[in-house]
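Participant: Okay, structure incoming, though there's no sequence with it:
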């Protein structure tokens with residue numbers, strides 16, 4: 001195992017997730033971080049580890065100059081900028097991570113990675129991301145795998161409107177996953193299924209939820225497990241009633257054909273909330289030691305402070321996903337170059353990283369309890 005020497009990290013995108021990634025690297029790895037954005041905002045001018053700079057990635061020359069001064073770039077910009085940044089990172093020999101759920105961007109990055117001397121690892125957040133690691137881990141525990149069901153929800157803890165939803169992360173990301181085709185494996189065949197379909201209801205700890213198909217959550221897991229599982233799908237968890245309300249907007253009002261207008265409607269009508277919870281649920285069934293068995297993992301994550309700032313559950317889980325695999329790169333536990341899928345990172349090793357404790361409940365390694373606000377119940 002050869003460790004990778006990393007002296008300075010570039011984080012692109014100074015939004016809530018990007019700034020959480022920068023602070024998490026500073027807190028757990030004590031490395032200098034450059035947090036870059038076209039509007040970087042104001043941070044702590046006396047922060048010895050996180051420096052904010054203005055950078056427009058549309059300027060290829062400026063982007064290349066900034067990349068060459070760093071060992072690693074973590075791209076937290078919108079999905080439509082992923083291919084641009086990955087192309088330049090590969091050209092500069094800089095290791096690249098991102099959080100995108102966009103399937104087309106990931107396919108493009110995979111092509112770029114064929115000649116790359118550095119690691120290119122897109123889809124390294126929560127879903128796609130850690131959920132892929134969890135799926136790969138559960139799949140490995142069966143002699144013959146029948147069904148693998150992966151569910152993730154970033155939910156407000158107080159859903160009081162008719163949509164039963166508040167935004168806890170990117171509006172553009174939600175629209176993208178609700179409108180684009182979804183990968184799945186059905187009866188052993190890799191297929192494309194429609195978003196918002198496959199509706200189901202279930203309970204966890206006596207609380208009712210629904211789930212339905214959304215795009216991008218599986219990352220490259222379908223390709224990895226093709227021929228090894230009968231049925232594999234990914235669905236987003238929401239409170240009951242949300243899917244019907246969104247289906248009315250998308251299909252009855254045909255706003256799926258006018259995404260800019262859909263964004264305006266949602267931004268105007270649906271509030272953002274920092275009172276959130278992230279739920280992960282995974283279930284696998286198949287043959288093991290000659291017997292038909294099922295195995296499940298459930299995790300709940302709440303918000304907590306980081307470097308003196310309150311962070312939401314979605315900020316912490318998304319940031320921990322990419323910072324965890326960044327640590328595995330430093331430790332030499334990832335391939336040395338080229339494309340890396342999230343399921344290539346062993347779940348046990350990920351949970352043993354300095355940020356693995358945020359995913360308590362997935363039950364593979366021994367790690368410290370995830371922090372939670374006072375008065376919150378213990379994680380499932």
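Facilitator: Yep, it's here. Not measured: the values here are computed from a predicted model.

Participant: What's opposite residue 202 in the beta bridge?
Facilitator: Using DSSP bridges, the bridge partners assigned to residue 202 are residue 209.

Participant: so how far is residue 93 from residue 117?
Facilitator: Taking C-beta to C-beta, to the nearest Å as the measure, residue 117 falls 5 Å from residue 93. Bear in mind the C-beta positions are built from the backbone N, C-alpha and C, glycine included.

Participant: ditto for residue 73
Facilitator: Per C-beta to C-beta, residue 73 is found 11 Å from residue 93.

Participant: More neighbours: which of those two?
Facilitator: Neighbours were counted for residue 73 and for residue 93 using other C-beta atoms under 10 Å; residue 73 has more, 26 against 13.

Participant: tell me what the helix or strand that contains the more buried one is packed against?
Facilitator: Per DSSP states H and E, residue 73 falls inside strand 72-75. Strand 72-75 is packed against strand 9-12, helix 82-92, strand 95-98, helix 313-330, with contacts defined by 3 or more C-beta pairs under 8 Å, 6 or more residues apart in numbering; DSSP states H and E.

Participant: Can you check which of the ones you listed gets nearest to residue 164?
Facilitator: helix 313-330 (17.0 Å; C-beta to C-beta).

Participant: Quick check: buried residues in stretch 57-75?
Facilitator: Counting neighbours by 16 or more other C-beta atoms under 10 Å, one finds that the buried residues in stretch 57-75 are 57, 63, 66, 67, 70, 71, 72, 73, 74, 75.

Participant: between these, which is closest to residue 305?
Facilitator: residue 74 (21.3 Å).

Participant: could you measure the closest one against residue 159, distance?
Facilitator: On the measure of C-beta to C-beta, residue 74 and residue 159 end up 31 Å apart.

Participant: same deal with residue 126?
Facilitator: For residue 126, the distance to residue 159 equals 20 Å [C-beta to C-beta].

Participant: ok, now residue 152?
Facilitator: For residue 152, the distance to residue 159 - C-beta to C-beta - is 17 Å.

Participant: of the two, who's got more company?
Facilitator: Neighbour count, other C-beta under 10 Å: between residue 152 and residue 159, residue 152 has more, with 25 against 17.

Participant: Output the contacting helices and strands for the host helix or strand of the more buried one.
Facilitator: Element membership for residue 152 (DSSP H and E) is strand 144-156. Helices and strands touching strand 144-156, by 3+ C-beta pairs under 8 Å, 6+ apart, are helix 130-139, strand 207-213, strand 229-238, strand 276-288.

Participant: Show me what the first one is packed against.
Facilitator: I take that to be helix 130-139. strand 144-156, helix 221-225, strand 229-238, strand 276-288, strand 291-302, helix 313-330, helix 347-351.

Participant: To residue 103, which of these lies closest?
Facilitator: If you check each of the helices and strands packed on helix 130-139 against residue 103 by C-beta to C-beta, helix 221-225 wins as the nearest, at 10.3 Å.

Participant: ok now that closest one, how far from the chain's centre?
Facilitator: 17 Å (C-alpha atoms, centre = their mean, to the nearest Å).

Participant: Same question for that helix: list its buried residues.
Facilitator: 221, 222, 224, 225.

Participant: Which stretch among the helices and strands packed on strand 72-75 approaches residue 113 most closely?
Facilitator: Ranking these by proximity to residue 113 (C-beta to C-beta) places helix 82-92 first, at 6.9 Å.

Participant: So which elements touch that closest one?
Facilitator: With contacts taken as 3+ C-beta pairs under 8 Å, 6+ apart, helix 82-92 sits against helix 60-68, strand 72-75, strand 95-98, helix 103-112, strand 119-121.

Participant: hmm, try it at 7 Å
Facilitator: Judged by 3 or more C-beta pairs under 7 Å, 6 or more residues apart in numbering; DSSP states H and E, helix 82-92 is in contact with helix 60-68, strand 72-75, strand 95-98, helix 103-112.

Participant: which outside residues touch the second one?
Facilitator: Among residues not part of strand 72-75, those counted as contacts by C-beta atoms under 7 Å, 6 or more residues apart in numbering are 6, 9-12, 21, 67, 82, 85, 89, 94-98, 322, 326.

Participant: ok, now the longest one?
Facilitator: Residues outside helix 103-112 that contact it (C-beta under 7 Å, 6+ apart) are 79, 82-83, 86-87, 90, 100, 120, 122-123, 180, 215-216, 339.

Participant: So which of these is surrounded by the most neighbours?
Facilitator: Taking other C-beta under 10 Å as the neighbour criterion, residue 122 ranks highest of the contacts of helix 103-112 with 32 neighbours.

Participant: how far away is that residue from residue 111?
Facilitator: Distance of residue 122 to residue 111, given as C-beta to C-beta: 12 Å.

Participant: Residue 204 now?
Facilitator: In this view, residue 204 and residue 111 are 40 Å apart by C-beta to C-beta.

Participant: Those two: who's more crowded?
Facilitator: Neighbour comparison, residue 204 and residue 111: the larger count goes to residue 204, with 15 against 12 (by other C-beta under 10 Å).

Participant: separation between the more buried one and residue 151?
Facilitator: Going from residue 204 to residue 151 by C-beta to C-beta gives 10 Å.

Participant: Which residues are in contact with each of the two?
Facilitator: Common neighbours of residue 204 and residue 151, counting by C-beta under 7 Å, 6+ apart, are residue 281.

Participant: Contacts only, for the closest residue to residue 30 other than its chain neighbours.
Facilitator: Of all residues not flanking residue 30 in the chain, residue 49 sits nearest, at 6.9 Å (C-beta to C-beta, 6 or more residues apart in numbering). Neighbouring residues of residue 49 by C-beta under 7 Å, 6+ apart: 26, 30, 32, 33.
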